[in-house]
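Participant: whatever this is, show me its structure:
(2 chains)
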Amino acid sequence: MDFITGEIVGILLFFIGLYGLMTKKSIIKTIMSMSIMESGIYLFYVTINYVPGSVPPIGQQGDAPFVDPVPSALMITAIVIGIGVTAIGLTMFMHYKQKHGITHWSRNRN
Amino acid sequence: MLYWLIIVPIAIAVINIGFIHSDSRKLIIASQVGIVGYTSYLFYKVRQDGAIADNMGGYPGQFAITLYADRIAIVLIWLTTLLFLGLLIYAYAEDYFTSQFGFLYLTLQSLIIALFLSTDLFNIYVLLEVSTVVIAILIMIRKDKQAVYDGMIFLFVSVIGSGFWLFGTGFLYRTFGFLDIYAIEEVITQVDDPRSLILPFAFMMTTLSLKIALFPLSSWLPIAYGTPSAPAVIPAILSGVYETTGLYLFIRITHMFAQVIDLQMFFLVIGFITAITGFIFAVAQDDMRLLLAYSTISQVGLMVVGISLGTDYSFYGTLYHMFAHSLFKTVLFLSVGTLNTRYETRNIQDIRGVMKTFPITGAAILFGLLGITGAPLFNGSISKYMISYGSDSPYIQLLLNVINFGTLLYSIKFASVLFGEKIKPEKLKESKDPFNLTQWVTLTFGVLTLLTGLFGNRLITFLYGYSFVFSTSAYLEKGFVYLLLSFAAYALYRGWVKESDFFDKVGHVELSFNAMITLQLIFFIGLAGYMYVITGL
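Facilitator: Here you go, the predicted structure:
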């Protein structure tokens, strides 16, 4: 089961999210698929360049090597942005649904 | 010192919305004048002493977040600040210029400047994402049904596109261990297996191709630009400035990978397809704003062709075309805004006699159209001349002429609003702008398209430090070809295009949201597949 690593699962999640975006016409499902896609990216990042047995980069360094902290720091930022974008997307969707009663992407915009 | 360009607009934006409860328009405009002045100073510095690099936090280059301004970046920033100032003066008397609008506008300015300066791939992701959100809010600033729908399409399509960028950045970080564009460029040849760069390249180029609206990823652009209720300055910023950031990143990222991955042929073909489909759709539109939106797609195709030709002539020609495109597209979008408020329509068939009714805007439109079609003496002629000079292949020359023919075709359609009977003033909506500020600003940009054409050669040397020998006979020959093409385009427009069913049908083609995302994936797979199979990396 060595092939089930964070990277592979991250890539799979990314494309599962993308599949949802390609096939679902409901706006709320679009937002959910987008979150799945982003989770894939987060997972991918936090597992890249992981050396088994390494320790968190806190305190004194012992024998074990430190984990590279940069990807995690980047992902904290990306998660915050992701939440912001999801919140804005949901706000737009709520406004759109409450005012105009539309919940799906429709080609006929007028 | 570069960071001031990013901090000051944000600071003014916050002061404007948080602390000033009365009219803050004058403060915003004053800050813009200051920023233009400071950018001019930085431009002077870069010209004198070469590129400026600011490493944040005092870390060494490849680990720090670096702001980097070379000649190309600083010229684009200078142009950006000028356009932002001009557009604010245009919007001064309009009802949408509230403190909220000012906040979004200044934030966007700061983000766009940062996009030009930042060399950090993750920073660029953050900036792309936040600028997408700001633009989406600006698009739906009037909150009507279509505006919200268009804003959502723009937001989701762009955010998903940025996801590709982030993923690509992850692959690069895994390989290199840092995220600085220039640092990666330095060591990229030392990569053991060049195939490991295919995926990040494909991911990042998918984002950028979406951002600059290359075929087949251009469907979002007319939706975002064409929102009926969005103020005229929004599509002007999108087309004049935001598009340029995408092209600038496109240049930098292709340059970063250039030593290992060379896809000039691929993007040359895609550029031509984009330019040609762009003008076909542009000719089919009756809505002036949509016509200009598709025209932007067509011009972007031309610029990608210019970048992909790979010679110095065409490269600097493209840079100058980016500069010229910002000017004439701003003129045209602003003119449409003025006409829209007075005639209360944007349909080309319903507007006639602009030259007599609004001579100032009419003249501006004329300048803009002469610029975009590359008429002799106007800025478009210089840049298009340089792009075409970059290649001696007859096929490329032919295709460039086809693109210009298409540009003439939709420009003639657009120009039909200029002529005809003068309309009675009582049929027009009253203007709230006593000094005709909107019209004068538009004309100023129009005159700039002429001036940057008349002094094009000297300006290119001044801006980019690139001197170019103009062959007068070749330039005259181009002028002659231009005249011939104009006559042919006029004849074709009157004889066939105007009544054609084909264009009527084409004009109404629109992709669904799911189709847009599917095309992103297809483009990505196509790009990666092309590199694996054809280039044999």
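Participant: hey, let's count contacts and neighbours off CA atoms from now on
Facilitator: Noted.
Participant: tell me which residue of chain B lies closest to chain A.
Facilitator: Closest approach between chain B and chain A, counting by Cα to the nearest Cα: residue B:514, at 4.6 Å.
Participant: quick one: low-confidence ranges for chain A?
Facilitator: Within chain A, the segments meeting pLDDT under 70 span A:1, A:107-110.
Participant: one more time with 90, if that's ok
Facilitator: A:1-7, A:47-73, A:92, A:95-110 (pLDDT under 90).
Participant: spell out which parts of it neighbour chain B.
Facilitator: Within chain A, the positions lying close to chain B (Cα under 8 Å from any Cα of the partner chain) are A:18, A:21-25, A:34, A:37-38, A:41, A:44-45, A:48-49, A:74, A:78, A:81, A:85, A:88-89, A:92-93, A:96, A:100, A:105-107, A:109-110.
Participant: which residues does the residue of chain B closest to chain A contact?
Facilitator: A:21, A:22, A:23, A:24, A:25 (Cα atoms under 8 Å, 6 or more residues apart in numbering or on different chains).
Participant: tell me, what residue is most central in the chain?
Facilitator: Just going to use chain A. For chain A, residue A:38 is the residue whose C-alpha lies nearest the centre (Cα atoms, centre = their mean; 1.7 Å).
Participant: to clarify, I was referring to chain B.
Facilitator: residue B:243 (3.0 Å).
Participant: which residue is the nearest non-sequential neighbour of it?
Facilitator: Excluding the flanking residues, the one nearest residue B:243 by Cα to Cα, 6 or more residues apart in numbering or on different chains is residue B:212, at 5.8 Å.
Participant: need phi/psi at that neighbour.
Facilitator: Here is the backbone geometry of residue B:212 (degrees, to the nearest 10): phi -90, psi 0.
Participant: can you check residue B:307 too?
Facilitator: The phi/psi pair for residue B:307 (degrees, to the nearest 10) is phi -70, psi -40.
Participant: and the closest residue to it other than its chain neighbours, how many neighbours?
Facilitator: Distances taken as Cα to Cα, 6+ apart place residue B:315 nearest to residue B:307, at 5.3 Å, with adjacent residues excluded. Around residue B:315 sit 23 other residues, with neighbours defined as other Cα atoms under 10 Å in any protein chain shown.
Participant: spit out the contact partners of residue B:315.
Facilitator: By Cα under 8 Å, 6+ apart, residue B:315 lies in contact with B:306, B:307, B:309, B:387.
Participant: which helices and strands sit right next to the helix or strand containing residue B:252?
Facilitator: Element membership of residue B:252, judged by DSSP states H and E, is helix B:243-257. Helices and strands touching helix B:243-257, by 3 or more Cα pairs under 8 Å, 6 or more residues apart in numbering or on different chains; DSSP states H and E, are helix B:99-117, helix B:181-187, helix B:198-211.
Participant: now stretch B:130-150: buried residues?
Facilitator: B:130-141, B:143-150 (16 or more other Cα atoms under 10 Å in any protein chain shown).
Participant: and those residues near chain A, which?
Facilitator: B:130, B:133, B:145, B:146, B:148, B:149.
Participant: so where is the stretch 1-150 of chain B shaky, pLDDT-wise?
Facilitator: Using pLDDT under 90, the flagged stretches of the stretch 1-150 of chain B are B:1-3, B:16-28, B:48-66, B:70, B:90-102, B:140-150.
Participant: can you list the residues of it near chain A?
Facilitator: Residues of the stretch 1-150 of chain B that fall close to chain A, judged by Cα under 8 Å from any Cα: B:122, B:126, B:129, B:130, B:133, B:145, B:146, B:148, B:149.
Participant: would JSON lines of those with secondary structure be doable?
Facilitator: Shown next, in JSON lines, are those (DSSP: H, G, I helix; E, B strand; the rest coil):
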{"residue": "B:122", "secondary structure": "helix"}
{"residue": "B:126", "secondary structure": "helix"}
{"residue": "B:129", "secondary structure": "helix"}
{"residue": "B:130", "secondary structure": "helix"}
{"residue": "B:133", "secondary structure": "helix"}
{"residue": "B:145", "secondary structure": "helix"}
{"residue": "B:146", "secondary structure": "helix"}
{"residue": "B:148", "secondary structure": "helix"}
{"residue": "B:149", "secondary structure": "helix"}
